[in-house]
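S.K.: structure, please.
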Amino acid sequence: MAESVLLAGGTVVDVDGERRIDVRIDPVSGRVVEAGADLDVVGSEVHDVSGAYVLPGLVDVHVHMRQPGREEAETVETGARCAALGGYTAVVAMPNTTPAIDCAAVVREVLELGRTAPCDVHSSGAVTIDRAGETLAPMAEMAALGVRLFTDDGAGVQDPGLMRRAMEYAADLGVTLAQHCEVDALAAGGHMHEGEWSSRLGIPGQPAEAEEMMVARDLMLARLTGARIHIQHVSTATSVAMVRAAKAEGLPVTAEATTHHFTLTHAECASYSPLFKVAPPLRTDADVEAIRAGLADGTIDAVATDHAPHTQESKELPFEQAPPGMLGLETALALAIGHLDLPMVDVVRRMSLAPAAIAGVADVHGRPVAAGEFANLCVLDPGATWTVDPTVTASRSRNTPYGGWTLQGKVIHTVLHGEMVVRGGEALR
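M.R.: Model (predicted):
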């Protein structure tokens with residue numbers, strides 16, 4: 001058995017920039033042991049990655065694993081395999097499971113399910129019991145198990161007084177509150193963005209203001225409490241502008257945008273296909289441009305997938321009855337490369353370094369590719385083109401909106417704690 005794994009001939013891109021070096025990994029310690037030009041190949045399992053990028057493993061702060069309770073759509077194992085194939089070495093599982101992740105017992109269950117997964121699975125915790133928006137969940141007992149991100153994702157906390165108390169609690173615990181910004185009274189009954197396409201199609205819409213009013217409220221509450229707030233799946237130009245202003249003021253706010261909110265618009269709903277139904281909904285061309293600009297200038301810190309598997313039966317219901325959500329883990333990196341027009345180092349910042357910091361895992365993930373650092377890496381062939389086939393996925397579900405799209409940039413290897421979990425584009429576990 002080879003003593004080490006050598007990634008030879010690639011171009012490393014990390015926080016220190018871009019350079020052509022070899023990377024030697026020790027599978028026993030799970031760390032990079034050497035990084036330099038023309039390393040000795042003796043005693044190593046050599047992988048020629050000439051022409052490829054060697055990147056810190058990607059991190060996703062917004063993934064729906066569905067387990068416990070909705071295993072017919074996804075499990076922690078299958079979701080983690082999707083993540084590894086997409087170049088991710090760490091993900092944060094959202095709490096809208098059945099039962100909700102609103103107590104230490106369910107957190108332990110999710111962490112145990114992820115113990116042998118091909119990427120690190122971290123659990124978020126619900127802000128309120130059963131995500132019902134009425135009573136605060138026991139955040140301290142979940143934080144004691146390592147939970148660093150709390151959200152009622154899928155539902156915004158509607159009561160501003162309760163949200164204030166949650167923020168004060170979170171500030172004392174040193175954790176981050178992540179908010180699905182949506183005012184129910186405005187969004188209720190809407191199934192896509194309220195605008196010209198909803199009018200044409202006769203589908204009830206949700207106004208952009210349903211998101212923007214809660215973004216404004218929570219930024220004010222962050223100012224009041226000093227709590228760290230993370231705005232999930234920002235989707236409108238006005239939301240981007242508010243986050244930009246809050247950051248300029250020095251408020252402790254971060255934000256994410258999904259791949260579908262910078263690649264698709266509400267015009268896609270003209271097909272009446274529920275594959276294009278998401279929450280928050282797909283928005284206008286101007287909103288898409290604002291999201292791209294926000295990711296370019298750092299107003300939006302992270303690209304997230306909001307990977308949301310659903311069974312084929314549920315996504316074949318009529319548009320207004322179907323659940324919102326799309327798959328995202330296996331296509332995200334290629335979509336970011338193809339649609340954001342960012343240098344590779346900035347793609348790494350948005351998809352690895354920043355989300356690792358938001359998730360509280362920056363001590364292990366999103367690290368420089370250097371001797372002594374944890375070997376959580378992905379290797380990307382930037383020239384590889386491939387066509388998205390909804391039937392070829394590690395997910396138990398098939399609800400990708402990108403079926404038939406030709407993308408450029410393919411993950412060929414993923415290394416987790418020194419172990420190659422994806423090799424040649426194939427999952428090894």
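
S.K.: C-alpha only now, for contacts and for neighbours.
M.R.: OK.

S.K.: now the strands for the stretch 301-429 of the chain?
M.R.: Along the stretch 301-429 of the chain, the stretches classed as strands by DSSP state E, counting those that start in this stretch are 302-304, 377-387, 406-416, 419-423, 426-427.

S.K.: out of those strands, which one sits most buried?
M.R.: Comparing the strands of the stretch 301-429 of the chain by mean neighbour count (mean count of other C-alpha atoms under 10 Å), strand 302-304 ranks first with a mean of 29.

S.K.: that strand packs against which elements?
M.R.: Under the contact criterion of 3 or more C-alpha pairs under 8 Å, 6 or more residues apart in numbering; DSSP states H and E, strand 302-304 touches strand 58-63, strand 253-258, helix 354-359.

S.K.: packing partners for the last one?
M.R.: I take that to be helix 354-359. For helix 354-359, where contacts count as 3+ C-alpha pairs under 8 Å, 6+ apart, the packed elements are strand 58-63, strand 302-304.

S.K.: who touches that helix?
M.R.: For helix 354-359, the surrounding residues in contact (C-alpha atoms under 8 Å, 6 or more residues apart in numbering) are 59-61, 92, 148-149, 176, 254, 301-303, 362, 365-366.

S.K.: could you do the second one as well?
M.R.: For strand 253-258, contacts defined as C-alpha under 8 Å, 6+ apart pick out 219, 222, 228-235, 243, 246-247, 291, 295, 299-306, 358.

S.K.: could you dump the next helix or strand after it to PDB, C-alpha only?
M.R.: Using DSSP states H and E, the helix or strand that follows strand 253-258 in sequence is helix 285-297. Provided in PDB are the C-alpha atoms of helix 285-297 (Å, rounded to 0.1, in the frame of the first residue of the first chain):
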ATOM      1  CA  ASP A 285     -33.700  39.400 -14.800                       C
ATOM      2  CA  ALA A 286     -32.800  42.500 -12.800                       C
ATOM      3  CA  ASP A 287     -32.800  40.500  -9.600                       C
ATOM      4  CA  VAL A 288     -30.600  37.900 -11.200                       C
ATOM      5  CA  GLU A 289     -28.100  40.600 -12.200                       C
ATOM      6  CA  ALA A 290     -28.200  42.000  -8.700                       C
ATOM      7  CA  ILE A 291     -27.400  38.600  -7.200                       C
ATOM      8  CA  ARG A 292     -24.500  38.200  -9.500                       C
ATOM      9  CA  ALA A 293     -23.200  41.600  -8.700                       C
ATOM     10  CA  GLY A 294     -23.600  41.000  -5.000                       C
ATOM     11  CA  LEU A 295     -21.600  37.800  -5.200                       C
ATOM     12  CA  ALA A 296     -18.900  39.600  -7.300                       C
ATOM     13  CA  ASP A 297     -18.400  42.400  -4.800                       C
END
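
S.K.: now the angle between strand 253-258 and helix 285-297, please.
M.R.: Orientation check (axes from the mean of the first three to the mean of the last three C-alpha atoms, to 10 degrees): helix 285-297 against strand 253-258 gives 120 degrees.

S.K.: what's helix 285-297 packed up against?
M.R.: In terms of contacts (3+ C-alpha pairs under 8 Å, 6+ apart), helix 285-297 is packed against helix 237-249.

S.K.: my read: residue 429 touches residue 119, true?
M.R.: No - assessed by C-alpha atoms under 8 Å, residue 429 is found out of contact with residue 119, at 10.1 Å.

S.K.: any common contacting residues for these two?
M.R.: Common neighbours of residue 429 and residue 119 (C-alpha under 8 Å, 6+ apart) are residue 81.

S.K.: the two: which is more packed in?
M.R.: More crowded of residue 429 and residue 119, by other C-alpha atoms under 10 Å: residue 119, with 30 against 14.

S.K.: isn't the more buried one right next to residue 89, touching?
M.R.: Yes - the pair residue 119 / residue 89 is scored as a contact, 4.6 Å apart, by C-alpha under 8 Å.

S.K.: now for those two: what residues contact both?
M.R.: Shared contacts of residue 119 and residue 89 (C-alpha under 8 Å, 6+ apart): 83, 416.

S.K.: and the nearest residue to residue 288 once chain neighbours are set aside, how far from residue 281?
M.R.: The shortest distance from residue 288 to any non-neighbouring residue, by C-alpha to C-alpha, 6 or more residues apart in numbering, is to residue 262 (5.0 Å). Using C-alpha to C-alpha, to the nearest Å, residue 262 is found at 12 Å from residue 281.

S.K.: that older thread, wait, the residue nearest to residue 288 touches residue 339, no?
M.R.: Yes - under the criterion of C-alpha under 8 Å, residue 262 makes contact with residue 339 at 7.4 Å.

S.K.: which one of the two is surrounded by more residues?
M.R.: A direct count of neighbours by other C-alpha under 10 Å for residue 262 and residue 339 places residue 262 higher, at 25 against 12.

S.K.: from residue 292, how far off is that one?
M.R.: Taken as C-alpha to C-alpha, the span from residue 262 to residue 292 is 6 Å.

S.K.: find the residues that touch each one of those two.
M.R.: residue 340.

S.K.: ok, the residue nearest to residue 288 - contacts?
M.R.: Residue 262 neighbours (C-alpha under 8 Å, 6+ apart): 288-289, 291-292, 339-340.

S.K.: could you pick out the buried ones from the contacts of strand 253-258?
M.R.: The neighbour count (16 or more other C-alpha atoms under 10 Å) marks 219, 222, 228-235, 243, 246-247, 291, 295, 299-306, 358 as buried among those.
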